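**Student:** everything below, folded, please.
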Amino acid sequence: MLKIGERVQVENLEGVHTIVGHGFYEQAHFATISPAYIIRMDQGKWTEDHNAFIDTIVVHPDNVTEVNG
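**Tutor:** Numbering: from 1, shown residues only. Predicted coordinates for the structure are as follows:
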């Protein structure tokens, strides 16, 4: 697992973002618990209805690529 503070790219999401934590999640209909990164997006996004601003997401490690430098 990458460390907190590491800069990463997230699959299907533009830009470079920062890991701010580690966690676990359970997929619906499965008893398997998977590791996850808690990532703060450098530029958050409004939901389509503009009722909420999202700046922190949970991402599976397979969808994260470390940014060197």
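
**Student:** and the helix or strand hosting Gly21, what's buried?
**Tutor:** Using DSSP states H and E, Gly21 maps to strand 13-26. Applying a neighbour-count criterion of 16 or more other CB atoms under 10 Å, one finds Leu13, His17, Thr18, Ile19 buried in strand 13-26. Placement of C-beta: from N, CA and C, glycine included.

**Student:** just put the residues you listed in TSV and tack on pLDDT and distance to Lys45.
**Tutor:** Output for the buried residues of strand 13-26, formatted as TSV (pLDDT from 0 to 100; distance: CB to CB, whole Å):
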residue	pLDDT	distance to Lys45
Leu13	91	9
His17	96	12
Thr18	97	16
Ile19	97	18
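
**Student:** what is the nearest of the residues you listed to Gln43?
**Tutor:** His17 (9.0 Å; CB to CB).

**Student:** residues touching the closest one, list them.
**Tutor:** Neighbouring residues of His17 by CB atoms under 8 Å, 6 or more residues apart in numbering: Arg7, Val8, Gln9, Val10, Ile39, Arg40, Met41, Asp42.
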